[in-house]
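Enquirer: Predicted model, plus sequence, below.
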Amino acid sequence: MNDAAPNAAPQTFYLKDYKPFGYEVESVKLTFQLSPNATKVHSAIRFTPKADAEDNRFFLHGEQLSLISAKIDGSPVTARLVDGGLECDVPRTSFLWEAEVEIDPAANTALEGLYMSNGMYCTQCEAEGFRKITYYPDRPDVMSTFTVRIEGDEPVMLSNGNPTGAGEGWAEWHDPWPKPAYLFALVAGDLVNHPGSFTTKSGKDVELNIWVRPGDEGKCAFGMEALKKSMKWDEDVYGLEYDLDLFNIVAVDDFNMGAMENKGLNIFNSSCVLASPETSTDANFERIEAIIAHEYFHNWTGNRITCRDWFQLCLKEGLTVFRDAQFTADMRSEPVKRIEDVIALRARQFPEDGGPLAHPPRPEEFQEINNFYTATVYEKGAEVIGMLKRLVGDDNYYKALNLYFERHDGQACTIEDWLKVFEDATGRDLSQFKLWYSQAGTPRVKVTEDYADGTYTLTFEQSTPPTPGQPEKAPRVIPMAVGLLSPNGDEVRGTQVLELTEAKQSFTFDGLASKPVPSILREFSAPVILERETTNSERAFLLAHDTDPFNRWEAGNALAKEVRVAMVLDGAAPDAAYLDALEKLVRDDEQDPAFRALVLSPPSQSDIAQTLHERGHTPDPQKIYDAAETFTQTLAQQLETSLPRLYAATTVEGPYVPDADGAGKRALNGRILSLLTRLDGGEQAARQYASADNMTQQYAALAALMKAEKGEAQSKAFFEQWQDDRLVMDKWFALQIACAAPETAAATAKELTQHPLFSMKNPNRFRAVMGALAGNHAGFHHASGAGYQLLAENLIALDSVNPQTTARMCAAFQTWKRYDSKRQAQIQAELERILATSDLSRDTHEMVSRMLSA
Ligand SMILES: [Zn+2]
């Protein structure tokens with residue numbers, strides 16, 4: 001099935017056109033008669049016209065539905081089917097609308113609405129999937145209570161809220177909390193539960209369940225603990241308590257997103273909930289803990305207080321990402337979490353902000369809202385909240401949040417509502433701050449300094465390059481956290497937040513005995529690109545002395561980038577002073593292993609390309625790859641005599657525990673092993689592979705061997721061992737492409753698309769292969785154009801199966817204007833080929849058009 005509207009030009013929706021729905025929805029009753037190809041959905045909905053309605057049109061969304069009958073107050077009526085739904089003449093007083101429709105869950109490969117995954121019924125309604133279930137005002141500002149009856153022969157049949165009755169072949173559910181349709185959920189299938197319980201701070205017992213397919217019961221314990229920790233944390237930190245008797249999580253194999261926060265019935269991509277030491281890496285455990293927290297936290301920030309319209313998506317997502325980052329920082333290491341988040345922001349959001357897909361956290365128009373579940377809405381949306389918290393201070397932040405929950409519980413809100421609570425709680429004018437929500441693009445902040453007679457002056461100049469539709473930008477409020485160090489390494493001024501509000505602005509610091517070394521943008525206090533003339537020796541000084549852990553890492557990261565950029569541009573040898581500094585740090589057992597692992601992890605090749613582009617150079621992917629290889633090889637040689645000792649010292653003994661300490665040590669151990677494998681022919685990695693009793697160590701050994709082209713036997717063994725585990729197989733698919741040399745990456749990916757276990761219908765598997773290809777920078781951008789061609793062919797094939805995943809993966813091409821004219825021409829040809837595909841989905845059409853038109 002397809003989302004396309006092939007005859008009509010795609011419709012564009014605008015924020016400025018918002019109008020409330022003309023009817024209250026008093027209650028919704030749904031009855032499902034499940035059948036794979038012919039599920040019947042009966043709806044009984046009580047509508048009341050609003051006295052003050054601007055618009056009385058009775059329009060219900062509906063797509064891919066077969067309407068069997070429609071009634072008002074028990075009498076048949078004629079509904080007019082129109083583009084995207086139906087219209088009907090209705091009474092001017094309260095009335096009961098009833099409709100019966102038929103849908104085909106088994107044919108629904110788009111995975112929106114009600115669909116089937118491995119014989120199990122499940123739903124995904126955010127953003128606009130409910131209209132594929134029945135006719136309804138499918139918009140987030142329409143909230144109502146739902147009663148659901150499910151009829152079928154599935155052993156387990158679940159919906160939102162609390163169970164109210166069940167018998168042979170039926171189950172009934174009632175959700176007392178009014179909610180928008182995008183939070184509706186239904187699951188039915190042969191499932192088993194991993195039970196748990198939680199007592200809330202007011203003493204209410206809540207039953208918890210994680211529902212999985214038989215055989216996966218052993219992979220639920222970690223997720224259950226993460227859920228309980230999340231419930232406790234939200235009570236302790238935000239004072240927010242859970243509000244139903246039951247909380248269900250279901251794991252589903254075929255899912256477009258990570259997970260979905262449906263009220264009382266979260267549905268998870270199985271990769272984001274199932275975990276065991278044998279099958280999951282440390283990174284998987286951390287991500288699962290964070291996603292379980294994220295979806296749970298939505299119960300208040302998203303469900304109880306939702307969005308008025310989809311333009312406000314970052315209201316719930318930015319805030320909830322910010323909350324889950326706070327949670328992870330509390331559960332694990334605050335600096336490590338911050339560093340990881342900034343690496344991800346630069347890898348995903350900065351390229352988006354700097355390319356043809358740039359949009360503000362609150363976009364003002366869209367054709368397909370599914371295309372706006374982006375790093376800008378989520379991660380930059382969270383950064384904006386972090387800045388707000390920094391500007392008003394912690395106490396005021398929680399004061400404002402309390403007011404938000406008090407004032408808006410049960411409402412569908414806007415960014416204006418959100419900022420207003422901060423203004424009312426703090427008395428601060430946030431009109432200039434609001435530009436962060438409406439302006440796209442990453443601000444660049446140029447810093448210059450001056451020192452005379454004990455006074456040190458920092459001057460900041462901010463500017464934001466043009467983005468599509470926004471040629472001019474006004475200066476924003478930028479919180480700039482700054483500290484000063486004396487040349488001997490002491491901190492002479494602790495962290496202070498300077499508020500930039502003008503295009504150019506200076507700040508002075510008096511009474512300094514000598515010219516200080518500034519530590520600027522501590523904790524990455526704003527999502528900006530800092531430009532400052534500095535030296536490698538100053539960076540090395542900050543790497544050794546900065547008291548702000550983020551900026552210590554940042555100094556090392558900047559140094560690594562400088563060295564790499566010099567290698568790419570001038571063919572320079574790896575900088576000896578930097579290699580010495582790295583060696584010193586990695587051998588310093590006093591330092592946190594997780595921090596050492598981060599410093600030892602080189603900037604990604606795509607990050608180097610982005611840096612070159614920001615400085616006005618055209619990145620050459622092959623040269624960037626060669627520089628990375630030369631650097632790593634030189635580093636391995638420099639560390640040669642220490643590597644065996646370091647490897648032994650960082651090996652974690654005893655049973656595997658997925659905690660932050662162990663994960664930090666294993667991360668460092670994995671980095672050491674990959675360097676060692678370059679020198680010892682893979683002996684140590686082969687030993688580790690053979691003896692590993694957990695996936696983190698097994699995977700690290702396999703990756704080191706495959707990267708060194710010595711892992712053929714282990715790769716075969718891995719396949720034999722894990723071929724029945726879909727999640728582990730995703731790793732196996734991805735790793736082969738990630739480790740491939742530039743000239744073979746596309747061919748490797750192509751071969752894997754012919755593998756019997758490759759499937760277009762499973763988004764995880766498709767992403768494992770095509771996402772890994774796009775992630776192999778030099779391979780994807782290989783001069784032959786084979787990478788571009790293969791991705792385009794697969795996107796064209798996937799579009800008719802799953803438009804949402806296709807459109808999202810198109811973003812792999814978004815940086816195309818960075819590269820040389822030959823590569824640009826190759827990519828342009830592929831984008832045009834995609835656009836020329838007949839019956840292309842609205843989702844993909846919009847993404848490709850935006851990339852081509854900029
Ligand atoms: Zn979310």
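Expert: Structure received.
Enquirer: The closest residue to residue 509 other than its chain neighbours - how many residues pack around it?
Expert: The shortest distance from residue 509 to any non-neighbouring residue, by C-beta to C-beta, 6 or more residues apart in numbering, is to residue 456 (4.5 Å). In short, each C-beta sits where N, CA and C put it, glycine included. Residue 456: 21 surrounding residues under other C-beta atoms under 10 Å.
Enquirer: my guess is residue 456 contacts residue 448, does it?
Expert: No. Using C-beta atoms under 8 Å as the test, residue 456 is too far from residue 448 to be in contact (11.9 Å).
Enquirer: Okay, residue 109 and the ion: tell me how far apart.
Expert: 24 Å (C-beta to the ion, to the nearest Å).
Enquirer: same thing with residue 630?
Expert: The value you get for residue 630 to the ion, if C-beta to the ion is used, is 41 Å.
Enquirer: what packs against whichever strand or helix holds that residue?
Expert: Element membership for residue 630 (DSSP states H and E) is helix 621-638. Contacting helix 621-638 under the criterion 3 or more C-beta pairs under 8 Å, 6 or more residues apart in numbering; DSSP states H and E are the following elements: helix 549-570, helix 576-587, helix 605-614, helix 660-680, helix 777-780.
Enquirer: what is the rounded mean pLDDT of the helix or strand just after that helix?
Expert: For helix 621-638, the following helix or strand on the C-terminal side (DSSP H and E) is helix 643-650. For helix 643-650, the mean pLDDT works out to 95.
Enquirer: Pull out the buried residues from helix 643-650.
Expert: Across helix 643-650, burial judged by 16 or more other C-beta atoms under 10 Å covers 643, 646-647, 650.
Enquirer: Just name the closest of these to the ion, please.
Expert: Nearest to the ion out of these is residue 650 (C-beta to the ion; 35.3 Å).
Enquirer: Does residue 194 touch residue 224 like I think?
Expert: Yes. Here residue 194 reaches residue 224: they are 6.0 Å apart, a contact under C-beta under 8 Å.
Enquirer: Now do the shared contacts for these two.
Expert: Shared contacts of residue 194 and residue 224, defined by C-beta atoms under 8 Å, 6 or more residues apart in numbering, comprise residue 210.
Enquirer: tell me the secondary structure for residue 44?
Expert: strand (DSSP: H, G, I helix; E, B strand; the rest coil).
Enquirer: That one pairs with what?
Expert: residue 29, residue 98 (DSSP bridges).
Enquirer: And the residue of the stretch 1-150 of the chain that's closest to the ion?
Expert: residue 126 (8.8 Å).
Enquirer: How far off centre is whichever strand or helix holds residue 447?
Expert: Element membership for residue 447, per DSSP H and E: strand 444-452. Using C-alpha atoms, centre = their mean, to the nearest Å, the mean C-alpha position of strand 444-452 is found 34 Å from that of the whole chain.
Enquirer: go on, stretch 481-493?
Expert: Counting by C-alpha atoms, centre = their mean, stretch 481-493 is centred 35 Å from the centre of its parent chain.
Enquirer: again, but for stretch 674-687
Expert: 34 Å.
Enquirer: Over to stretch 439-453?
Expert: Worked out by C-alpha atoms, centre = their mean, stretch 439-453 lies 29 Å from the chain centre.
Enquirer: Stretch 831-851 too?
Expert: 23 Å.
Enquirer: Only C-alpha atoms, please: export it in CSV.
Expert: The C-alpha coordinates for stretch 831-851 follow below in CSV (Å, rounded to 0.1, in the frame of the first residue of the first chain):
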residue,chain,number,x,y,z
LEU,A,831,17.8,12.0,-6.4
GLU,A,832,16.1,12.8,-9.7
ARG,A,833,15.8,9.1,-10.4
ILE,A,834,14.0,8.7,-7.1
LEU,A,835,11.7,11.7,-7.7
ALA,A,836,10.8,10.3,-11.2
THR,A,837,9.5,7.0,-9.7
SER,A,838,5.9,6.6,-10.5
ASP,A,839,3.5,6.6,-7.5
LEU,A,840,6.3,7.9,-5.2
SER,A,841,4.9,8.4,-1.7
ARG,A,842,4.2,11.9,-0.3
ASP,A,843,6.8,11.3,2.4
THR,A,844,9.7,10.6,0.0
HIS,A,845,8.5,13.1,-2.6
GLU,A,846,8.7,15.9,0.0
MET,A,847,12.2,14.9,1.3
VAL,A,848,13.8,14.5,-2.2
SER,A,849,12.2,17.7,-3.5
ARG,A,850,13.5,19.7,-0.5
MET,A,851,17.0,18.3,-1.1
